[in-house]
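> pasting a predicted model and its sequence here:
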Amino acid sequence: MKSMEKSGLLISIFQSVNHIDLGRKKLASEVSNSEGRIALMRGLSTALDVFNEVHDNVSNDLEMVILAEHAFITEELRYSVEPMVASSLSAALASFDDALRVLVTVQNPVAYQNAETSWPRHRKYRHHNMPKDAFHIAAASHVTRLRNTLRTPGVNNTERQVYAQRVKNMSAAQNAYLALQKDALSCEAEC
């Protein structure tokens, strides 16, 4: 994905979260109920479009998957008023920062082969026999967080679609990353 397209997607994410927050605030005030519904649905629709587009490019651009989630969570954190939610979102951001770092490392087979020796061979530290590194940890933690939110009462149908698409994106990203790991670790000296 070109950097211009990436910046457009990230801008759309920021706008979607702004609309979602505005919609929730207006719905909570009960004075602007219809305006709130419109803003909320506009934000959710934009978010769904963005996360669908991200999914279409998962195998070609894992960085965009992480950046899209990072941007969405950053904006959610900006509007968060609950300390437990803020703590969870902050942990997710730190986890995605780590995932971005290891994404760079896995693209350098020699560096990744050297790093791989630091992970235990025990299956609890492995994902399909590959190191359960920062990328896998971030993806699995985020999927758990999203699925927990899906179980929350009061989540409307469109919100469910957004959360479900984000789960789908993270699962696809984890599979694409697994292929990168296999390539890096099977690469011979000519790499």
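It's in. As the structure is a computational prediction, the values presented were derived from the model and not from experiment.
> quick one: contacts for residue 54?
Neighbour list for residue 54: 9, 64-65, 68, 169 [criterion: Cβ atoms under 8 Å, 6 or more residues apart in numbering]. Any C-beta I mention is one placed from the backbone N, CA and C, and that applies to glycine too.
> grab the nearest non-local neighbour of it.
Nearest non-adjacent residue to residue 54, counting by Cβ to Cβ, 6 or more residues apart in numbering: residue 68, 4.8 Å away.
> how much space between that neighbour and residue 96?
Remark: distance between residue 68 and residue 96 (Cβ to Cβ, to the nearest Å) = 10 Å.
> what about the helices in the protein?
Under the criterion DSSP state H, the chain contains helices at 3-29, 33-56, 62-79, 83-106, 109-116, 134-150, 157-186.
> shouldn't residue 137 be in contact with residue 96?
No: the criterion here is Cβ atoms under 8 Å, and residue 137 misses it with residue 96 at 10.4 Å.
> need the per-residue pLDDT for the closest residue to residue 143 other than its chain neighbours.
Once flanking residues are discounted, residue 143 sits nearest to residue 170: 5.0 Å by Cβ to Cβ, 6+ apart. Predicted confidence (pLDDT) for residue 170: 96.
> how about low-confidence regions in the protein?
Applying pLDDT under 70 to the chain flags the ranges 1-4, 30, 188-191.
> and the residue nearest the centre of it?
residue 69 (3.3 Å; Cα atoms, centre = their mean).
> so what's that one closest to, chain neighbours aside?
Residue 69 sits nearest to residue 96 (Cβ to Cβ, 6+ apart), 6.1 Å away.
> isn't that neighbour up against residue 70?
Yes: between residue 96 and residue 70 there is a contact under Cβ under 8 Å: 4.7 Å.
> okay, these two: which has more neighbours?
It is residue 96, of residue 96 and residue 70, that has more neighbours when counted by other Cβ atoms under 10 Å, with 24 against 20.
> any idea how far the residue nearest to residue 158 when sequence neighbours are not counted is from residue 38?
Distances taken as Cβ to Cβ, 6+ apart place residue 44 nearest to residue 158, at 4.4 Å, with adjacent residues excluded. Here the criterion is Cβ to Cβ. By it, residue 44 lies 11 Å from residue 38.
> show me which of the two is the more surrounded one.
Legend: neighbour count by other Cβ under 10 Å for residue 44 and residue 38, higher for residue 44 (21 against 15).
> contact partners for the more buried one?
Going by Cβ under 8 Å, 6+ apart, residue 44 touches 16, 20, 156, 158-159, 161-162.
> in PyMOL, how would I select just the buried ones from those residues?
Listed next is the PyMOL selection for buried residues among these, using 16 or more other Cβ atoms under 10 Å:
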select buried, resi 16+20+159+161+162
